[in-house]
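Participant: All I have is the shape, not the residue letters:
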């Protein structure tokens, strides 16, 4: 089968790869229809690593995917050949302390599509996944929208992690696909005061479509001063979605005492800093978000309900042979790209 292999930093080649086969009776063979490019894919592409996860070239990356079931193991009952599915890229063991504590996203033995040392990714014609990682798409949902289920699931999980306390105002710092997903999820829960920032004006326009009541470019204005002029008491929660030290500092300033800082973005750096005195005086909570936890079905539901217009999120499509071009476009934020997808 054909696959897009990352063979060096910023180098992708289309090569033949071993055809995957069903290993257990609960496995399904999937023909990949489309793969969305994620910020984590871009980090592997541009640096070859995320923290301690280091690519050993050549390697297949990619994890946001929609696929067609081609073959099913004999104990598969939820899906059948011909079904279209969204794939949850995280395969948990189900037996460790984290899985038994309803935390499969922090499974001790987690295997993740396109993560070095765990599983080859989905930028290929076929993959094999457990049945439990496959979620049916209804006939009315396009493959293009189905691709958004995985990033939307992270947005939904991030909003859920705020807890049950009443929330009236939040900020989302970074309006890329994950930040927009947080905004969409927050709006879907009824939160009206959503402040969103980004350094790309086109993404601020997208943020308004995602439900932002206010948007601002931190390169052109002091977003902390501007937001606090409106929300003088501070914000209930801030979602840091760009992995940037400057945004972390802004979040601490924006939060009201007792507020929550939700760290969603994957930083390029290994160490971040905080003014510990500001944290303690405000008694702020810092909540890291590890991908998603049992939110794919909710994301598929959000898409199928058509409660919000999501078409603006997917801006570019490429063939597998154009994978290098796709990664170059997304890395350099060209042509108004928000979410690019590749069709193996």
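Facilitator: Cool, got the structure. Because the structure is a prediction, the values reported are computed rather than measured.
Participant: looking at this, residue 221 is in a helix?
Facilitator: No. Residue 221: not assigned to a helix; according to DSSP: H, G, I helix; E, B strand; the rest coil it is coil.
Participant: is it true that residue 226 touches residue 216?
Facilitator: Yes. Residue 226 is within contact range of residue 216, at 5.9 Å (criterion: Cβ atoms under 8 Å). (Glycine included, C-beta is placed from N, CA and C.)
Participant: Those two: which has the busier surroundings?
Facilitator: Taking other Cβ atoms under 10 Å, residue 226 and residue 216 do not tie; residue 216 has more neighbours (20 against 14).
Participant: quick one: that one from residue 250, how far?
Facilitator: 11 Å (Cβ to Cβ, to the nearest Å).
Participant: what touches both of the two?
Facilitator: Contact criterion Cβ atoms under 8 Å, 6 or more residues apart in numbering; residues shared by residue 216 and residue 250: 197, 223.
Participant: Read off the pLDDT value for the closest residue to residue 97 other than its chain neighbours.
Facilitator: Nearest residue to residue 97 in three dimensions, chain neighbours excluded: residue 108, at 7.0 Å (Cβ to Cβ, 6 or more residues apart in numbering). pLDDT recorded at residue 108 is 98.
Participant: Quick one: low-confidence residue ranges for the stretch 101-250 of the chain.
Facilitator: Of all residues in the stretch 101-250 of the chain, none has pLDDT under 70.
Participant: Next secondary structure element downstream of the helix or strand containing residue 98?
Facilitator: Using DSSP states H and E, residue 98 falls within helix 97-100. Following helix 97-100 in sequence order, the next helix or strand is strand 111-112 (DSSP H and E).
Participant: quick revisit: what comes into contact with the helix holding residue 98?
Facilitator: 92-93, 104, 106-108.
Participant: from those, which would you call buried?
Facilitator: Buried by 16 or more other Cβ atoms under 10 Å: 92, 104, 107, out of these.
Participant: just those residues now: which is nearest residue 192?
Facilitator: Closest approach between those and residue 192, by Cβ to Cβ: residue 104, at 32.4 Å.
Participant: gap between the closest one and residue 31?
Facilitator: 26 Å.
Participant: quick one, strands of the stretch 201-344 of the chain?
Facilitator: Assigned by DSSP state E, counting those that start in this stretch, the strands in the stretch 201-344 of the chain fall at 214-216, 235-240, 255-263, 285-288, 314-319, 339-343.
Participant: Packing partners of the second one?
Facilitator: Judged by 3 or more Cβ pairs under 8 Å, 6 or more residues apart in numbering; DSSP states H and E, the packing partners of strand 235-240 are strand 169-173, helix 245-254, strand 255-263.
Participant: Please repeat the previous calculation with a cut-off of 10 Å.
Facilitator: helix 149-160, strand 169-173, helix 177-188, strand 193-197, helix 223-230, helix 245-254, strand 255-263, strand 285-288 (3 or more Cβ pairs under 10 Å, 6 or more residues apart in numbering; DSSP states H and E).
Participant: Kindly reformat the ones you listed as a markdown table containing distance to residue 236.
Facilitator: Formatted as a markdown table, the helices and strands packed on strand 235-240 follow (distance: least, Cβ to Cβ, whole Å):
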| stretch | distance to residue 236 |
| --- | --- |
| helix 149-160 | 12 |
| strand 169-173 | 6 |
| helix 177-188 | 11 |
| strand 193-197 | 9 |
| helix 223-230 | 13 |
| helix 245-254 | 10 |
| strand 255-263 | 6 |
| strand 285-288 | 11 |
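Participant: Go through those and name the closest to residue 277.
Facilitator: helix 245-254 (10.3 Å).
Participant: Just the closest of the buried ones among the contacts of helix 97-100 to residue 234, please.
Facilitator: residue 104 (34.1 Å).
Participant: Distance of the closest one relative to residue 113?
Facilitator: Taking Cβ to Cβ, one finds residue 104 at 15 Å from residue 113.
Participant: Count the neighbours of residue 256 for me.
Facilitator: 17.
Participant: Domain ranges for the chain, per the record?
Facilitator: Domain assignment for the chain, taken from automatic domain parsing, gives 2-148+310-343, 152-288.
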